[in-house]
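# what follows is a predicted protein model with its sequence.
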Amino acid sequence: MDDSGFSVVACRAVVVGAARSGIAAAGLLAKRGAAVTLTEMRDAIDGAPALRAAGVALELGGHRPETVAAADLVVLSPGVPADLPVLDAARRRGVEVIGELELAWRWIRGPVIAVTGTKGKSTTTTLVGRMLEAAGRTVLLGGNIGVPLSAQVDQSTADTVHVVEASSFQLETATTFRPWIAVWLNVTDDHLDRHPDVRAYADAKARIFANQTADDWAVVNADDPLVMARSTGIAARLVPFALSGRIADGVLVDGEWIVRRTAAGADRLAPVAAVELPGRHMLANVLAATAAASLAGCAPAAMGGALRGFRGLPHVMEPAGEIGGVRFVNDSKATNVEAARRSIESFPRGVVAIVGGRFKGGDLGELRGPLAAHGKAVVAIGEAAPLVRRALGDLLPIVDAGSMREAVERGYAAAAPEGVVLLAPACASFDWFRDYAERGETFKREVLRLKETVLR
């Protein structure tokens, strides 16, 4: 047992799922003295020799009920559904079933700033980290953004600020997780292939506030009615932000400044001119990041300096090149309908949207208004192509593409002589690609290949 009060010495721990988070959790548990089995549906995983060398037993090719039945503790990777029958059986026997985020939290020593929401988590998390670093703080970014929190435990000190992107999958298995500052950006239809409905999805997100006290802070989107409804009555001190500006107390844009408005007046936090992110919806993420960073003690100079030069993350409204008068934009991370809608609305006209993939739920018909106002055509891709055609086919031309190469070529033809070919899929990538990043990289590579062909 260490100073956290949580011990796994001689504990029989089973980690379910061998993606990055599961591998990190297994390694952490082994270091802390547990007898660890890592179970995975795939027949092979990366890093197997190193895991075995660390003392982790590997069970590949399926989750055996008898392995979970013998566990004292079960830890889930975020991609593993928490309602599997084998897990329900373990709970009935009194076995604790938690997620990787919850496991790591129990050993984290520094304060945690956690960011959740349907869209904008990675951008906001990154911005908060940049602002804190500019203010001279020691910062570790982790969670859903790429580095599992379990991989940061050994680096954690009382002076380390952990800025954590938290997904609904991570939060639904959190039981004691308590961020010092919790940020909830928004909630729209997403992951309905995993959560039974939007209410359950929002319930999982709202767990970010569950263990907070009056010593903690909650930064919430006052423009999102569901976020505000789920924030009512929480213990933490509430700090709203609003892109609409319709709040008397909170963070908003006032003229040329992002300000914190209170009954005593408005304190300037950062100049709007420092924001270099494309798209009005990105400004909401900036407001949230500025609110969180200011609560953590960042001075306006540090926040403004962190904003300058930050033009976004890969695969988020990322410029991907230009051929003649046609621009290409990679928003592969727009994996739900709301994100695709905001992406399309970021351009005045001439958008040829590449839409499709593995559908996660929602209503593709919600893209009709933005496309009517800003669109020129749609390229339908992947498993969802028939759904795209059904939802939008009577509105504007729909072109089918059987590969990303075809999508880029046909998008270019539809957009010429000037327009925007926008990868805004509104769907997951798993029908054609490993993840949204591979989809975005493939898009960029095909744009470059087309440019070389056209200019040859």
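Thanks, I have it. Numbers count the residues shown, from 1 in each chain.
# would you work out how far apart the start and end of stretch 288-306 are?
End-to-end distance for stretch 288-306, by Cα to Cα, to the nearest Å: 14 Å.
# likewise for stretch 29-36?
First residue to last in stretch 29-36 (Cα to Cα) measures 7 Å.
# buried set for it?
Burial within stretch 29-36, assessed by neighbour count using 16 or more other Cβ atoms under 10 Å, is assigned to 29-30, 32, 34-36. Just so you know, the C-beta spots here come from the backbone N, C-alpha and C atoms, and that holds for glycine as well.
# ok, and what's touching it?
Surrounding stretch 29-36, the residues in contact under the criterion Cβ atoms under 8 Å, 6 or more residues apart in numbering are 7-15, 26, 54-57, 73, 75, 103, 107, 154.
# keep only those of these that are in strands.
Judged by DSSP state E, these include 12-15, 57, 73, 75 as members of strands.
# just the buried members of the residues you listed?
For those, a neighbour count by 16+ other Cβ under 10 Å gives the buried set as 12-15, 73, 75.
# now, which of those residues sits nearest Phe433?
Sorting those by distance to Phe433 puts Val15 at the head of the list, at 25.8 Å, by Cβ to Cβ.
# that closest one bridge partners, please.
With DSSP bridges applied, the residues forming beta bridges to Val15 are Leu38, Val75.
# gap between it and Glu100?
Counting by Cβ to Cβ, to the nearest Å, the gap from Val15 to Glu100 is 8 Å.
# overlap in contacts of these two?
Between them, Val15 and Glu100 have 22, 25, 75-77 as joint contacts when contacts are counted by Cβ under 8 Å, 6+ apart.
# do a quick rundown of the strands in the stretch 151-300 of the chain.
160-165, 181-184, 217-221, 237-241, 250-254, 257-262, 265-271 (DSSP state E, counting those that start in this stretch).
# and those strands as JSON lines, adding mean pLDDT?
Formatted as JSON lines, the entries for those read as follows, by pLDDT from 0 to 100:
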{"stretch": "strand 160-165", "mean pLDDT": "98"}
{"stretch": "strand 181-184", "mean pLDDT": "98"}
{"stretch": "strand 217-221", "mean pLDDT": "98"}
{"stretch": "strand 237-241", "mean pLDDT": "98"}
{"stretch": "strand 250-254", "mean pLDDT": "97"}
{"stretch": "strand 257-262", "mean pLDDT": "96"}
{"stretch": "strand 265-271", "mean pLDDT": "96"}
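# find the residue at the geometric middle of the chain.
To find the centre residue of the chain, average its C-alpha atoms and take the closest one (Cα atoms, centre = their mean): that gives Lys121, at 4.5 Å.
# hey, what's the residue lying closest to that residue once chain neighbours are set aside bridged with?
Beyond its immediate neighbours in the sequence, the residue positioned closest to Lys121 (Cβ to Cβ, 6 or more residues apart in numbering) is Glu165, lying 4.7 Å away. Under DSSP bridges, the beta-bridge partners of Glu165 are Val115, Gly143.
# count residues in the vicinity of Trp180, would you?
Under the neighbour criterion other Cβ atoms under 10 Å, Trp180 is assigned a count of 19.
# which residues touch the closest residue to it other than its chain neighbours?
Nearest non-adjacent residue to Trp180, counting by Cβ to Cβ, 6+ apart: Pro111, 4.3 Å away. If a contact means Cβ under 8 Å, 6+ apart, then Pro111 has 161-162, 180-181, 296 as its contacts.
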